[in-house]
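Peer 1: I need the structure of the sequence given here:
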Amino acid sequence: MFFRKHCVKFAFTVSLVTSPVAFAFAPEPGQNASFPPPGQSTAPTQPRVASDPLRTLAIKTGLDPDSESGKVFIKWVAKVRDDPDWKAVIGENGLASSRRLDFGKLNLSPAARLAVLQHFGALAALAPPASCGQLMSGGAAGFGALVAALPPAGVEQVGEMLDTAVKGRRPASQMETYTTTELLATENAIEKAGGEMFARHGWNATGTGAVTGAARNPTGCELMAGMAEMVGSMQEPDRTRATWLIVTMHDRLQFGGITNGVLARPYPYLDEALDEHMLPAALRGQIGAEGSQPLPFQSFTVTGRWLNSTHSFVEGPFEMTFLNRRNDGTVSKVIRLMENPKQPTWGHYALDYGPMTLRDQTIAFGSALTVMKQVDDTTTLVSAGSAFTENTVSEQ
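Peer 2: Below is the predicted model:
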């Protein structure tokens, strides 16, 4: 339940805490957008002189430039203002740019994504409880209010997090891609790790707002810090994929969306993962050419009610669909529980050849998810295909 409820906020937060950074980089209207050369002192002759753009920037952000937090902020801005990596991201105008800094579009390396999340967790742990909402509020005002409320160590974490992102970019040629099967497994691993993290802290994981027993509802800051803890506890390759889902896909994918999407719309997944062309050559070579074993249907669906006295969680209305896509003896099959027709909660996907199942997988949240199973590539399929054809012909 943690995965499908609270993690959505974490993904949203990453977007909101990073995208409005440009707010802090824009000078006041009418101000000179130029900055002193690197190494030149920015100390004003009198306190709070607006002609010093670094101090002006701190004031605009809500910081006293003479406070410890203000000094940390100014030191960080002075370091990055002429940095070529930063200019490549926010434009040649440097800190006067109005471009957004979106982590999801920076193509960060796995190490950079993990470091960003760790900085984010440390930032959430340092933020005053009343300011945690600023991490999820969005817009320039939210970012400024957050930075202004942070202690010096928190301001430093913001700078390090943003700098890690800018420095951790990769060229487009190194873009990662994952199969739906891989991401289904990672979504499930995130939910498992999240549930374990909630249990360690004694938090309520129902997602309903109700307190269960001694469990309590976590604060916003605790949830954000817990996200970094959760990812750090995961094993590879799921940890790398989890950072990709959280950081890179935060604005395009709601957590749980892959599993729910496969259950609600099964046919694209059948095409991707349970097509005969996905079989090893040794198996695929035993299947006839397209049209070689015609079957008397293209698709048909059976509906009914499933009864299971030993596994009650799979009881309920079901839908079973068979697809004959190539008339080569293979049939794709999907069985889904349809208690909620718009969002099924369980499905079994298979590729059959006569009475033989070549590939199959159960899709669900939690322990019901299984890995993709496939028959050994040395298996002989001829008899299975013949039996299916003979039985079909005899029934015509």
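
Peer 1: burial of Pro128, as a residue count?
Peer 2: Pro128 has 13 neighbours, counted by other Cβ atoms under 10 Å. Heads up, the C-betas are built off the backbone N, CA and C, glycines and all.

Peer 1: pLDDT score assigned to the nearest residue to it once chain neighbours are set aside?
Peer 2: In space, and not counting its chain neighbours, Pro128 is closest to Ala149: 5.4 Å by Cβ to Cβ, 6 or more residues apart in numbering. pLDDT recorded at Ala149 is 82.

Peer 1: one more: Thr42?
Peer 2: Thr42 is assigned 39 on the pLDDT scale.

Peer 1: same check on the one 5 residues further on?
Peer 2: According to the per-residue confidence, Pro47 scores 45 in pLDDT.

Peer 1: can we start the residue count at 13 from this point?
Peer 2: I'll keep to 13 as the first residue from here, and by that count the last item is Pro59.

Peer 1: the lowest-mean-pLDDT helix or strand in the chain: what's the following helix or strand?
Peer 2: Taking mean pLDDT, DSSP states H and E as the measure, the helix or strand of the chain with the lowest value is helix 14-30, at a mean of 33. As assigned by DSSP states H and E, the chain's next helix or strand after helix 14-30 is helix 65-73.

Peer 1: how about that following helix as PDB, C-alpha atoms only?
Peer 2: Output in PDB follows, covering the C-alpha atoms of helix 65-73 (Å, rounded to 0.1, in the frame of the first residue of the first chain):
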ATOM      1  CA  PRO A  65      23.500  40.800  -7.400                       C
ATOM      2  CA  LEU A  66      24.600  37.900  -5.100                       C
ATOM      3  CA  ARG A  67      23.200  39.600  -2.000                       C
ATOM      4  CA  THR A  68      20.100  40.700  -3.900                       C
ATOM      5  CA  LEU A  69      19.600  37.100  -4.900                       C
ATOM      6  CA  ALA A  70      19.900  36.000  -1.300                       C
ATOM      7  CA  ILE A  71      17.400  38.600  -0.200                       C
ATOM      8  CA  LYS A  72      15.000  37.700  -3.000                       C
ATOM      9  CA  THR A  73      15.200  34.100  -1.900                       C
END
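
Peer 1: where does the stretch 13-162 of the chain dip in pLDDT?
Peer 2: Low-confidence regions of the stretch 13-162 of the chain, defined by pLDDT under 70, span residues 13-63, 103-113, 143-156.

Peer 1: coming back round to it: quick one: the residue nearest to Pro140 and Ala139 touch, right?
Peer 2: Yes - under the criterion of Cβ atoms under 8 Å, Ala161 makes contact with Ala139 at 7.0 Å.

Peer 1: these two: who's more crowded?
Peer 2: When Ala161 and Ala139 are compared on other Cβ under 10 Å, the one with more neighbours turns out to be Ala139, at 24 against 18.

Peer 1: once you drop chain neighbours, what's closest to that one?
Peer 2: Going by Cβ to Cβ, 6+ apart, Ala139 has Cys233 as its nearest residue, at 5.5 Å.

Peer 1: where does that neighbour sit: helix, strand or coil?
Peer 2: Look at Cys233: counting by DSSP: H, G, I helix; E, B strand; the rest coil, its state is helix.

Peer 1: near it, how many other residues are there?
Peer 2: Residues near Cys233, counting by other Cβ under 10 Å, number 21.

Peer 1: pLDDT score assigned to it?
Peer 2: pLDDT at Cys233 comes out at 81.

Peer 1: what's the separation between it and Ala161?
Peer 2: Separation of Cys233 from Ala161 (Cβ to Cβ, to the nearest Å): 12 Å.

Peer 1: now Asn119
Peer 2: Distance of Asn119 to Ala161, computed by Cβ to Cβ: 31 Å.
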